[in-house]
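>>> Need coordinates for the following:
(3 chains)
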Amino acid sequence: MIFTTYWFLVFAAIAFPIYWLLPGRLPRFVWLLAVCAIFHGHFAGAAGVLPIIVLALATYFAGRSGRPGWCAAAITLCVAALGIYKYAPFFTNACIGWFDPKLAEQWTAWIKQTLPAAPPLAISFFTFEFVHYLYDVRKGRPRIDSPLEFALFAIFFPTLVAGPIKRRGDFLPALYHGAAAVTPEDVVAGLCRIALGFAKKTVISDNLAQAINYYAPVFTKVPLGMRWLLFAAIAFRILLDFSGYSDIAIGLARMFGITVPENFRWPYLARNIQEFWQRWHISLSTWIRDYIYIPLGGSRHGITRKIINGFIVFALCGLWHGAAWNFILWGVFHGAGLAICGNYRLLFGPVGVSLGNFFDRFPPVSWAVTTLYVWFGWLLFFYPLPQAWQMALSLFSK
Amino acid sequence: MTHKNMFRRFTRLNPYLEQETSFYPTASQLIALVRAQCPPSSDKTLVIIGGNSVFNGSGQKRDDIWSEVLQRELGDSYKVVNLSAPGAGVVDNGGVIFEALAHQYPRALLVANTEPGYYKPANRSAYAYLFWDAYYKGLLPPEAKAVANNAQGKPTSYEREFRLGRWLNSRLYFNDLWSGVAYRYVSTIWTSALRSRSFEARKKLPDWYNKRPPVEANEAAFEKLLPLRLESFRQRLPFVAERFQRNADGSFVQTPESLHEEQQEIAALLPADLHSRSLIVFTPYNPWFLAHLTEDERQRAAISYRNGVDLLTKEGFHALSAWDQGFVLSDFGDTVHLAPSGGHRIADLVAKAIRGMNAPATAPALN
Amino acid sequence: MKPPLRFLLSFAGGILLGVFFHYVLYRISLSVEPFIYFAF
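Residues are numbered from 1 along each chain as shown, chains lettered A, B, ... in the order given. Presented below is the predicted three-dimensional model:
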């Protein structure tokens, strides 16, 4: 993780005090932009920065023109860049490989030669923020005219690598507020938040990760109690790793006096899948809701369309986590969970209604069912299907 | 945590006390250890052991480790401190600490093992952290700067990040403090080698090799290792065909390029004035495994051992080759690691060589 | 809360934070995967 490098700690030790010492808004903006550029340049390298500059310029000028057509074109460009950089080999294999494996192999080899070994750093987060901005401008919401503001929105380093995904409408006022009035209280709150994030990440999650890697291959052979412990460890590992990361990002922004959106709200306390997604990676799920689910029609065209939309959205959500089938499967698994959770009272008639009443009356039961469902999802997320299935079965056998 | 020795009943850096289990003693801590074992004021000759798992006594229990045998053979006028570590290069760990202490201990010697052809510098090895730790803390003599800068090409971004961490530690001493805490009170890293005991204070853990099953030095045990190990033998430098050319009579000689390369590596191992105080030992291969190799391969290895000794001697090092020194199957626990009887044998050889090293200095009148 | 108590508490909190960040410096230098094989 980028935040757990010495380079970053030294960088932060220089970047923050100078920001605090600078008088007034403009010098702080300029300094902040400079350190963001250094951060991005250092971790992404030229091959990672150039494509982002192109996308950012396209987004900025399309947004500034205010024309829906230009915005649509820029959205297409951003999505295409994401598709090509991140998904080209996967889709070549998945689509062409289906009818001509040999051709797919040749194409994949060609793609691997042409594209850089890794996609530009954080390209999916850039794409999400740019698409959000362009979509909003297209719908007539305010645009960003100042290149300085836009650049800060684009490469604000605390959230650059893995979110939380920012919204223009919240971020710019927060940016202005921070530059004008960052307080010692902000700094203390930020530091505490960062400490919490590091504790989750380095003290708990990294240790869990080591233990999980060691035991996963022999999961079905360890005693039953140990299997359940590992099952929980897998779930807590990803939660603490990711929410710890978000804590660090939110804390860093706070030290600039800038509030960015929360990403996690105790997701394993959710009592149904819908609620889980209101608590897990919130900035992603709301982005998906606003920029994919609702444009697709959301729940406005009857129950069948609603369910289909849900599946599409979650398959995409899964795919977003990585270009592999197990992520898609994980997404579809959650799509199914959401479809059932949102509609079973309607779909299953009186049985559904009484089941619903039962869950309402016994929250611990609905919590347990939801938690089990979500945790099974993590097996699909991390392991190939046959292995995940074996692991799941072994939780209920001697 | 830094200047006071924290190690208790120390015999070696067994895997519970080194990076295999995410424990990284710092240069300052190892120096404090050596100073406690052999104070600079004492009239004993300090012998620092460096090298890899063979000299670490892999497979020998705490009480029959070869370096204790060596200590007994050398007697009270010497103090042996074993700082070798699994996977370490010839001047890692022991070598770094020797370099740091060489001026304080004018009679100190380094004894380290390797295989012919393997002379990795301490700044880029598996234990590079220790070199850079000592380097940034200013513990190494000025000549070490040359070693630090003998970069083969520009440092990678990983290396830069790694060195930045060691530099920060030389200012903030976080590794010193938290390794000290891990040794004395509580460790904070889960490791697969320790599992449920991962969080115990390292001082409470027994020697790693004490709980290992006794070495089975017999053909049946070796038979099981054979296919994989034979393959790995063939990839070891002393056997690799590309490093040799054939004479008209069918015998082998090492190519001039590989000899030249080795000589340069050897010259850069330690500052020049320390060469004559260092004994480099080529530890033996298990003859049972050698017998399964081809005649050509054995011939190449024998030449490598001979050439290695020549090159080391030319650069002013003392060199000892254990090739053809009478090691037999039962001296080994596997391909290279020594069973207790092999440990005795190597201790005999090393003790003799150490006395030989000191002879000219103590008896110059004889010349 | 009385000002001296507040001062003391924030002082202690600051020390705790400092100690923790010092620990983070140590923790991030540790490689997550061990690298060498074991003999025996």
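>>> I'd like the average pLDDT over the helix or strand harbouring A:Glu129.
Per DSSP states H and E, A:Glu129 falls inside helix A:123-138. Throughout helix A:123-138, pLDDT has a mean value of 94.
>>> So which elements touch that helix?
helix A:25-65, helix A:68-82, helix A:147-155, helix A:168-181, helix A:282-288 (3 or more C-beta pairs under 8 Å, 6 or more residues apart in numbering or on different chains; DSSP states H and E). Quick note: C-beta positions are derived from backbone N, CA and C, even for glycine.
>>> Mind doing that once more with 6 Å?
helix A:25-65, helix A:68-82 (3 or more C-beta pairs under 6 Å, 6 or more residues apart in numbering or on different chains; DSSP states H and E).
>>> how far off helix A:68-82 does that helix point, in degrees?
Per axes from the mean of the first three to the mean of the last three C-alpha atoms, to 10 degrees, the angle that helix A:123-138 makes with helix A:68-82 is 170 degrees.
>>> related to what we said a few turns ago, would you mind giving the helices and strands packed on helix A:123-138 as CSV with mean neighbour count and mean pLDDT added?
As requested, the helices and strands packed on helix A:123-138 are exported to CSV (neighbours: other C-beta atoms under 10 Å in any protein chain shown; pLDDT from 0 to 100):
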stretch, mean neighbour count, mean pLDDT
helix A:25-65, 18, 95
helix A:68-82, 18, 95
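>>> got the contact list for the one residue sitting closest to the centre of chain A?
Central residue check for chain A by C-alpha atoms, centre = their mean: the C-alpha nearest the mean position is that of A:Leu284, 5.1 Å away. Not one residue lies near A:Leu284 by C-beta atoms under 6 Å, 6 or more residues apart in numbering or on different chains.
>>> which residues touch the helix or strand that B:Arg160 is a member of?
Under the criterion of DSSP H and E, B:Arg160 resides in helix B:157-172. With C-beta under 6 Å, 6+ apart as the test, helix B:157-172 has contacts from A:Thr5, A:Tyr6, A:Trp7, B:Trp132, B:Asp133, B:Tyr136, B:Lys137, B:Asn175, C:Ser29.
>>> how about a cut-off of 8 Å?
Contacts to helix B:157-172, defined as C-beta atoms under 8 Å, 6 or more residues apart in numbering or on different chains, come from residues A:5-7, A:9-10, B:26, B:124, B:128-129, B:132-133, B:135-138, B:155, B:174-176, C:22, C:25, C:28-29.
>>> Average pLDDT for that helix, rounded please.
Averaged across helix B:157-172, the pLDDT comes to 93.
>>> if we can go back for a sec, to chain C, which of the helices and strands packed on helix A:123-138 lies closest?
Closest to chain C of these is helix A:25-65 (C-beta to the nearest C-beta; 15.3 Å).
>>> Just the ones of the contacts of helix B:157-172 in strands?
When DSSP state E defines the strands, the subset of those inside them is empty.
>>> which parts of the stretch 151-300 of chain B sit against chain A?
B:Arg160, B:Glu161, B:Leu164, B:Gly165, B:Leu168, B:Thr188, B:Ile189, B:Trp190, B:Thr191, B:Ser192, B:Arg195, B:Ser198 (C-beta under 8 Å from any C-beta of the partner chain).
>>> which parts of the helix-or-strand element of chain A with minimal mean pLDDT are buried?
Every helix and strand in chain A was compared by mean pLDDT, DSSP states H and E; the lowest is helix A:97-99, with a mean of 76. Of the residues in helix A:97-99, A:Gly97 count as buried by neighbour count, 16 or more other C-beta atoms under 10 Å in any protein chain shown.
>>> Give me the helix or strand of chain B that scores worst on average pLDDT.
The helix or strand of chain B with the poorest confidence is helix B:144-149; it has a mean of 71 (mean pLDDT, DSSP H and E).
>>> helix or strand for the residue sitting furthest away from the middle of chain A, which one?
For chain A, the residue at maximal distance from the C-alpha centroid (C-alpha atoms, centre = their mean) is A:Pro350, at 38.1 Å. Using DSSP H and E, A:Pro350 maps to helix A:349-361.
>>> wait, B:Val186 sits on B:Ala201?
Yes. Using C-beta atoms under 8 Å, B:Val186 is in contact with B:Ala201, at 6.1 Å.
>>> you'd agree A:Met1 is up against A:Gly244?
No. Judged on C-beta under 8 Å, A:Met1 makes no contact with A:Gly244 at a distance of 9.0 Å.
>>> got any ranges where the stretch 151-300 of chain B has weak pLDDT?
Filtered on pLDDT under 70, the stretch 151-300 of chain B yields the residue ranges B:151-153, B:214.
>>> Kindly recompute the last result at 90.
B:151-159, B:192-193, B:195, B:209-234, B:250-251 (pLDDT under 90).
>>> Could you tell me which residues of it lie near chain C?
By C-beta under 8 Å from any C-beta, the residues of the stretch 151-300 of chain B that approach chain C are B:165, B:168-169, B:172, B:174-175, B:177-179, B:188-189, B:191-193, B:209, B:212-213, B:215.
>>> what is the rounded mean pLDDT of stretch B:42-59?
95.
>>> hmm, it touching chain C?
Yes. Using C-beta under 8 Å from any C-beta, we find that stretch B:42-59 touches chain C at B:Ser53, B:Ser58, B:Gly59.
>>> Tell me which stretches of chain C form helices.
Using DSSP state H, the helices of chain C run over residues C:3-27.
>>> and what of chain B?
B:27-37, B:66-74, B:94-101, B:128-136, B:144-149, B:157-172, B:174-184, B:219-234, B:256-267, B:272-275, B:287-290, B:295-314, B:340-362.
>>> Format those as JSON lines; extra columns: mean neighbour count and distance to C:Pro4.
As requested, those are exported to JSON lines (neighbours: other C-beta atoms under 10 Å in any protein chain shown; distance: least, C-beta to C-beta, whole Å):
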{"stretch": "helix B:27-37", "mean neighbour count": "21", "distance to C:Pro4": "39"}
{"stretch": "helix B:66-74", "mean neighbour count": "20", "distance to C:Pro4": "59"}
{"stretch": "helix B:94-101", "mean neighbour count": "28", "distance to C:Pro4": "48"}
{"stretch": "helix B:128-136", "mean neighbour count": "25", "distance to C:Pro4": "42"}
{"stretch": "helix B:144-149", "mean neighbour count": "15", "distance to C:Pro4": "51"}
{"stretch": "helix B:157-172", "mean neighbour count": "17", "distance to C:Pro4": "31"}
{"stretch": "helix B:174-184", "mean neighbour count": "21", "distance to C:Pro4": "31"}
{"stretch": "helix B:219-234", "mean neighbour count": "12", "distance to C:Pro4": "68"}
{"stretch": "helix B:256-267", "mean neighbour count": "15", "distance to C:Pro4": "65"}
{"stretch": "helix B:272-275", "mean neighbour count": "16", "distance to C:Pro4": "59"}
{"stretch": "helix B:287-290", "mean neighbour count": "17", "distance to C:Pro4": "74"}
{"stretch": "helix B:295-314", "mean neighbour count": "19", "distance to C:Pro4": "69"}
{"stretch": "helix B:340-362", "mean neighbour count": "18", "distance to C:Pro4": "65"}
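>>> mind putting those helices in JSON lines, distance to A:Ala211 included?
Shown next, in JSON lines, are these (distance: least, C-beta to C-beta, whole Å):
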{"stretch": "helix B:27-37", "distance to A:Ala211": "28"}
{"stretch": "helix B:66-74", "distance to A:Ala211": "34"}
{"stretch": "helix B:94-101", "distance to A:Ala211": "32"}
{"stretch": "helix B:128-136", "distance to A:Ala211": "24"}
{"stretch": "helix B:144-149", "distance to A:Ala211": "37"}
{"stretch": "helix B:157-172", "distance to A:Ala211": "25"}
{"stretch": "helix B:174-184", "distance to A:Ala211": "18"}
{"stretch": "helix B:219-234", "distance to A:Ala211": "28"}
{"stretch": "helix B:256-267", "distance to A:Ala211": "40"}
{"stretch": "helix B:272-275", "distance to A:Ala211": "43"}
{"stretch": "helix B:287-290", "distance to A:Ala211": "36"}
{"stretch": "helix B:295-314", "distance to A:Ala211": "42"}
{"stretch": "helix B:340-362", "distance to A:Ala211": "35"}
